[in-house]
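J.: pasting the sequence and the predicted model now:
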Amino acid sequence: MCGIVGYIGKEQAAPIILDGLSKLEYRGYDSAGMAVFDGDKINIVKARGRLKVLENLTQGGSTMPGTSGIGHTRWATHGVPSDENAHPHFNEKKTIAVVHNGIIENYIKLKKKLTDKGYHFKSETDTEVVAHLLDYYYKGDPMEAITKVLHRVEGSYALGIMFTDHPDQLFAARKDSPLIVGKSDEGCFIASDVPAILKYTRTVYYVDNQEIVRLRADHMHFYSVDEEEIQKEPVTIEWDAKAAEKDGYEHFMLKEMYEQPKTVTDTLSPRIKNNDIVIDELNMTDAELQAVKKIHIVACGSAYHTGVTGKYVLEGLARIPVEVDLASEFRYRDPILEEGAMVVVISQSGETADTLAALRESKARGFQVLGIVNVVGSSIAREADRVMYTWAGPEIAVATTKAYSAQLIALYLLAMKFAKARGTVSDADFEQMIQDLKRLPDQIELLLNNKEKIQKFANRYIGAKDVFFIGRGIDYAISLEASLKLKEISYIHSEAYAAGELKHGTISLIEEGTLVAAVSTQPALYAKTISNMVEVKARGAFVLAVTCEGNKEIEKAADYVIYIPETNPYFANSLAIIPLQLFSYYVSVGKGCDVDKPRNLAKSVTVE
Ligand code: G6P
C-alpha cells in the first residue's frame, strides 16, 4: 500500500506529482505529502487527510516551484495518520528527503542505534529511519549511502529519495514493493504503478528487487545493490490513457462495472479459436494436463472468492480435486503439496504480499505456479512459472468488479481446457459451453442496463443494519463476493452463508425486516434453496432472490426477484454478481459513502 511518485525534468514537478498521486490514491489515502527542490533547498508540505488537502495547501502545486520532487499518498501501518507521520521524511539537516512504500521490519533496532548516536525522530514511522540512516552514511556520494542503507534495512520497500547536494538527480530503490520508472521527452518519473504516469509516458522500466535507479532530467541508470550497472529494456504500455480516468462516470466503480462486457470479451476472445480453447501461456500438453492430480488455488479478498467458484467449476467439469486457500493462511500452515499438485495464485494487482509469499512458498517446495494476474509486469506475473493475464486494464476503485469478472473467465477457460484434455466433458457440451461463454458479454450488458430497478431497490436498504447473502455451491461463492462488496463500500454489516448452514447458528440473527439475498442459479439446487428462503421468511426476513429466467417457482418464497439470463450453471456467477455489485454500489451512493475509496481499505495490500 501507499503510493509514491517522483519527477525530474523540464516541467514544474509539483503539479505532475499531485496528478500522479491522484491516480494512486487507491493505494492509500489517509495522508499525503510532497518534497520539491526549489533551486536552493528542499521544501516539504504534507498533511493528514485526502490528497485534496495537499492540493489545497499547495494551490495545486503552484506554491512549490521546482522541477524535481517526490510525493506520497499513505495507508498507515506504523503510526496513526497525522501530519508528522505523513511522508516525505527529512533528515535533521533537511538535506535528504524520503518517501517509502513497504515496511522496514528492523526499524526498532535501527531507530535505537540512531537515537543512541544522537538522531532525533519526529514521527512514529518506520520510514524515518531510512532518512536518518542515509544521513549517517552520506559522505558526499548518494549511491554509496543508498547501497549501505539497503544492506542494513530488512523488510520491503519502494523508495524515492532526493538530496539537496545533488539537485539534478532523484533516486529510487525497490524490494518486494512495486516500483516502476518512466521516461518522456519532458523528464523522468518514479511511480508505484503505471496509471500515475500514463498521461506523460508509455515507456516504462520495471525495477526489480534490490535495484537502484538514478534519474536525471533526460536519462536514468540502473544499478544493483552492489553498485554494478544493469542494462534494462523499456516496456511500452498499451493501455488506453482513458482507462485510468473516470471518463464522465460519477465513480470509478461504476465505470469499471460498465467495462465488464469488454473485460470479459478481452479475456475470453484471444483464447477461443475455432471453437476450441487455446491458452498458449499455459504451455501444457494434454498429457501434462492429465497428469495434474490436484489444484491448489491461493488468493486474497475477491480473488479468493473467484477461487471458491473455480473450485466448483474445476471439480465439476474436469473432476480434479481442488483446494482453495486464503494466501495468508496457506503461507503459514505448512501446506501439504503432493506430487502432481499444481498451484494457481490469483491476483488483480500481482503485488498482494500474502499471495506473493504463497507463490514463493510453493516454488521453494518445487511446485510449478500458474499466476492469474491483471497487472502486466507485476511481481506475481514475473515470479510465477506461467502467467495467464486477465485483460481488465487498470482498475482504480478499491472494490474490485471488472478484475473479478475477468478472473472468473480465466478460471472457466482453465477448467474447460482441463476437462477437454481429461475427457470429462462431451464434445457437444464443450461446444455449447463455448457458445455460452461467448454470450456472456451481451448478457452482462443487459443486466447493467437494468440499473434503475436495482437503484430503487437499493435505496430502501440505505439504513439497513445487517444483510445476509445465502446460496449453495457456486451460489455460495457468489454470496461471499456480494457480501464483501456491500460491507466494503457501504459499511453495512453483512454475512454470506452456505444456505444449508444457516440454521446452525446464523438464523438467530434474522429479525423482522432483515434483508436476506438468496442466490439461486443452480437448477439442481433450486428446491433446496427455496426451503432455506422459506425458513428465513418465516422469521420475518425480507427475501430478495437472484435467479435464472424461468425459475418462476421462486416467486412463492421471495419478496422481490431479480432474474438473470439463462446460461450454463457453471458460468452463472458472471451474471448473478452484476445486480449484486450494482446493489452495493447504490447503497453506498445512497448513504453518501466514498464509493471508490472506502475507509480503512487499500486496493493493493503489499503488507501482511
Ligand atoms: C484488497 C482489495 C480487494 C482484493 C484483494 C486482493 O483487499 O481491496 O478488492 O480482492 O486486496 O487483491 P489482489 O490484487 O491480489 O487481487
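T.: Thanks, I have it.
J.: ok, the nearest residue to residue 67 once chain neighbours are set aside - contacts?
T.: Closest residue to residue 67 apart from its sequence neighbours, by C-beta to C-beta, 6 or more residues apart in numbering: residue 13 at 5.5 Å. All C-beta atoms are positioned from the backbone trio N, CA, C, and that covers glycine. If you count contacts by C-beta atoms under 8 Å, 6 or more residues apart in numbering, residue 13 has them with 7, 36, 61, 64, 66-69.
J.: likewise for residue 604?
T.: Applying C-beta under 8 Å, 6+ apart, the residues near residue 604 are 1, 26-27, 178, 193, 349, 351-352.
J.: grab the nearest non-local neighbour of it.
T.: Leaving aside its chain neighbours, residue 604 sits nearest to residue 349 (4.2 Å; criterion: C-beta to C-beta, 6+ apart).
J.: and that neighbour, that's in a strand?
T.: No - secondary structure assignment (DSSP: H, G, I helix; E, B strand; the rest coil) places residue 349 in coil, not in a strand.
J.: pretty sure residue 179 sits against residue 172.
T.: Yes - with contact defined as C-beta atoms under 8 Å, residue 179 counts as touching residue 172 (6.1 Å).
J.: find the residues that touch each one of the two.
T.: Joint contacts of residue 179 and residue 172 (C-beta under 8 Å, 6+ apart) are 158, 190, 207.
J.: just these now: which is nearest residue 578?
T.: Among these, residue 158 lies closest to residue 578 (C-beta to C-beta), at 35.3 Å.
J.: what residues sit buried inside the host helix or strand of the closest one?
T.: Element membership for residue 158, per DSSP states H and E: strand 155-163. For strand 155-163, the neighbour count (16 or more other C-beta atoms under 10 Å) marks 156-163 as buried.
J.: restricting to those, which residues neighbour the ligand?
T.: Counting by C-beta under 6 Å from any ligand atom, nothing from these sits close to the ligand.
J.: how about those in CSV, adding distance to residue 372?
T.: Converted to CSV, those look like this (distance: C-beta to C-beta, whole Å):
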residue, distance to residue 372
156, 23
157, 27
158, 24
159, 30
160, 31
161, 35
162, 38
163, 41
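J.: is the nearest residue to residue 92 once chain neighbours are set aside in a helix, a strand, or coil?
T.: Distance criterion C-beta to C-beta, 6+ apart; nearest residue to residue 92, sequence neighbours excluded, is residue 120 at 6.3 Å. Put simply, residue 120 is coil when judged by three-state DSSP.
J.: count of residues packed around residue 120?
T.: Neighbours of residue 120 under the rule other C-beta atoms under 10 Å: 9.
J.: quick one: the closest residue to the ligand within the chain from residue 488, how far?
T.: Closest residue of the chain to the ligand, C-beta to the nearest ligand atom: residue 301 (2.7 Å). Distance of residue 301 to residue 488, computed by C-beta to C-beta, to the nearest Å: 9 Å.
J.: repeat that for residue 88.
T.: 30 Å.
J.: who has more neighbours out of the two?
T.: Set residue 88 next to residue 488 and count neighbours by other C-beta under 10 Å: residue 88 wins out with 27 against 23.
J.: isn't the residue of the chain closest to the ligand up against residue 481?
T.: No - if you go by C-beta under 8 Å, residue 301 and residue 481 don't touch, sitting 9.4 Å apart.
J.: who's more crowded, the two?
T.: Neighbours were counted for residue 301 and for residue 481 using other C-beta under 10 Å; residue 481 has more, 29 against 24.
J.: now name the helix or strand holding the more buried one.
T.: helix 474-490.
J.: can you spell out which helices and strands pack onto that helix?
T.: Packing contacts for helix 474-490, counted by 3 or more C-beta pairs under 8 Å, 6 or more residues apart in numbering; DSSP states H and E, involve helix 301-318, strand 466-471, strand 493-498, strand 515-520, helix 572-591.
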